[in-house]
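>>> no sequence for this one, just the structure:
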Ligand code: FES
């Protein structure tokens with residue numbers, strides 16, 4: 001059943017601030033009327049702005065749709081925001097421990113989501129977990145929009161994320177002071193947290209200004225007293241936009257120790273991929289965009305109540321599974337991949353991505369449908385990822401049959417159906433088994449936290465064998481991207 005939230009205007013606060021705190025994403029930070037922050041007004045008044053007219057049709061406005069980033073009101077309003085309920089992947093699996101006293105913490109600083117974990121250093125067990133949303137999302141959902149915002153208003157995003165993580169850790173601690181904290185995240189998250197300039201990441205050749213490990217004391221970061229004394233380390237970046245979240249993922253899947261080549265794909269907001277083994281690893285970031293999380297898809301939503309998350313064909317028509325069993329309200333990433341795969345099989349979509357017989361949209365269930373533009377968005381996203389992996393394979397000189405396993409990290413990787421992902425060409429058609437590994441960034445960081453004597457050598461070895469490949473300026477990537485836009 002859909003849930004509505006009742007909001008009262010708070011003195012000194014605009015409604016959009018309250019909406020953001022509820023998890024609604026603002027993909028363009030409210031700058032360009034992208035339409036990605038839609039919410040539906042059920043009762044009360046939110047005046048229609050010029051931007052809302054640009055982004056939404058008359059019909060949509062009439063149905064109550066509004067842009068959250070431009071919402072203002074004088075009186076109480078009731079809104080349907082179920083499409084924004086977040087699923088944040090945590091990880092509590094056991095890893096090897098070098099026992100020591102006290103507590104430590106690991107933080108996965110994602111572009112969209114945050115996970116803070118308190119760890120008992122004696123046993124390695126997870127003493128508490130706190131998931132949350134990255135408050136920087138208020139100023140844009142992807143790394144490029146964060147960079148643009150930071151160049152316009154330097155320092156705002158740095159204090160925002162430092163304050164939020166300090167408060168989350170203090171909430172988790174409850175008398176169990178952490179001795180040390182390890183943070184992982186992509187390069188933009190690293191630079192913004194550490195207060196480094198992101199300007200070099202705003203243009204070719206996208207070289208980070210200070211990609212190394214950075215150390216702080218909790219009090220230097222302005223964190224609450226409960227955390228004081230903790231040594232806080234932001235782990236080093238791999239290069240370009242590829243950060244320590246991927247390095248931690250490599251540790252979690254054991255790529256750095258593997259005799260045979262293996263692959264890792266983390267398809268979050270900032271897609272990162274790697275291929276290799278103990279003798280060398282290549283990594284890259286792919287500008288896949290947010291399509292796999294339902295972003296920029298007309299009826300896209302997170303994998304919450306009412307989302308179509310699975311689509312099959314029973315011989316007579318499409319059968320859609322809806323999360324929570326309620327009426328369909330939109331489609332999430334795994335449903336999108338399924339819908340495209342099934343439609344390719346039935347011929348409703350051609351290999352070029354064009355809808356067959358001049359159709360304007362593809363009806364799925366209830367009022368939920370996919371438009372031609374949605375299919376194009378999926379082609380762009382899967383084309384970028386597949387082309388990136390193909391370039392890494394060529395660069396490494398690895399024959400596809402030699403790849404022993406393909407690990408999928410992150411929430412989308414956990415839920416997407418492998419057969420559908422292969423059918424649309426998102427995953428390579430290698431024989432290698434596909435292994436969803438959940439939040440590998442948290443697991444890998446916890447492994448480092450619990451191996452204090454080996455940590456530095458592990459990181460040094462990993463950085464020595466890992467090479468970043470810049471895809472943006474790579475002609476082979478451009479060629480492979482065009483080829484991989486087509487469905488196989
Ligand atoms: S219109 Fe882009 S975030 Fe609201």
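Thanks, I have the structure now. Note that this is a predicted model, so its numbers are computed, not measured.

>>> going forward, measure contacts and count neighbours with C-alpha atoms only.
Will do.

>>> the helix or strand of the chain at the bottom of the mean pLDDT ranking - contacts with which helices or strands?
Across the helices and strands of the chain, the lowest-confidence element by mean pLDDT, DSSP states H and E is strand 4-7, at a mean of 78. With contacts taken as 3 or more Cα pairs under 8 Å, 6 or more residues apart in numbering; DSSP states H and E, strand 4-7 sits against strand 77-80.

>>> quickly run through the sheet partners of the least confident helix or strand of the chain, with directions.
According to DSSP bridges, the neighbouring strands of strand 4-7, each with its direction, are strand 77-80 (antiparallel).

>>> can you give me the strands for the stretch 101-250 of the chain?
103-109, 113-120, 126-133, 178-185, 214-217, 231-234 (DSSP state E, counting those that start in this stretch).

>>> which residues does residue 118 bridge with?
On the basis of DSSP bridges, residue 118 is bridged to residue 105, residue 128.

>>> circling back: report the buried residues of the helix or strand following the least confident helix or strand of the chain.
From strand 4-7 onward toward the C-terminus, using DSSP states H and E, the following helix or strand is helix 15-21. Using 16 or more other Cα atoms under 10 Å as the test for burial, helix 15-21 gives 15-20.

>>> one step back: got TSV for the strands of the stretch 101-250 of the chain, with distance to the ligand too?
Below are those laid out as TSV (distance: least, Cα to the nearest ligand atom, whole Å):
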stretch	distance to the ligand
strand 103-109	21
strand 113-120	17
strand 126-133	16
strand 178-185	23
strand 214-217	32
strand 231-234	29
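
>>> if you compare those strands, which one is most tucked away?
For these, average neighbour numbers computed from mean count of other Cα atoms under 10 Å are highest in strand 103-109, which has a mean of 27.

>>> let me see the mean pLDDT of that strand.
Per-residue confidence for strand 103-109 averages out to 97 on the pLDDT scale.

>>> who touches it?
Applying Cα atoms under 8 Å, 6 or more residues apart in numbering, the external contacts of strand 103-109 come out as 114-122, 134, 176-186, 189, 245, 441-442, 445-446, 449.

>>> show me what contacts residue 405?
Remark: with contacts taken as Cα under 8 Å, 6+ apart, residue 405 is in contact with 261-263, 432-435.

>>> what's the answer for residue 449, then?
Contacts for residue 449 (Cα under 8 Å, 6+ apart) come out as 104-106, 181-182, 455.

>>> could you redo the last one with a cut-off of 10 Å?
97-98, 104-106, 119, 121, 124, 180-182, 443, 455 (Cα atoms under 10 Å, 6 or more residues apart in numbering).

>>> picking that back up, can you list contacts of the least confident helix or strand of the chain?
Outside of strand 4-7, the residues within contact range by Cα under 10 Å, 6+ apart are 15, 18-19, 22, 40-44, 73, 75-82.

>>> how near is the one residue in the stretch 101-250 of the chain that gets nearest to the ligand to residue 242?
For the stretch 101-250 of the chain, the residue closest to the ligand is residue 140, as judged by Cα to the nearest ligand atom, at 7.0 Å. Distance check for residue 140 against residue 242: by Cα to Cα, to the nearest Å, it reads 19 Å.

>>> the residue of the stretch 101-250 of the chain closest to the ligand reaches residue 149, doesn't it?
Yes - between residue 140 and residue 149 there is a contact at 7.9 Å, judged by Cα atoms under 10 Å.

>>> could you redo the contacts of residue 449 as JSON lines and give each row distance to residue 56?
Formatted as JSON lines, the contacts of residue 449 follow (distance: Cα to Cα, whole Å):
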{"residue": "97", "distance to residue 56": "54"}
{"residue": "98", "distance to residue 56": "56"}
{"residue": "104", "distance to residue 56": "48"}
{"residue": "105", "distance to residue 56": "44"}
{"residue": "106", "distance to residue 56": "41"}
{"residue": "119", "distance to residue 56": "46"}
{"residue": "121", "distance to residue 56": "52"}
{"residue": "124", "distance to residue 56": "50"}
{"residue": "180", "distance to residue 56": "48"}
{"residue": "181", "distance to residue 56": "44"}
{"residue": "182", "distance to residue 56": "43"}
{"residue": "443", "distance to residue 56": "42"}
{"residue": "455", "distance to residue 56": "52"}
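
>>> which of residue 140 and residue 242 has more neighbours?
residue 242 (29 against 23; other Cα atoms under 10 Å).
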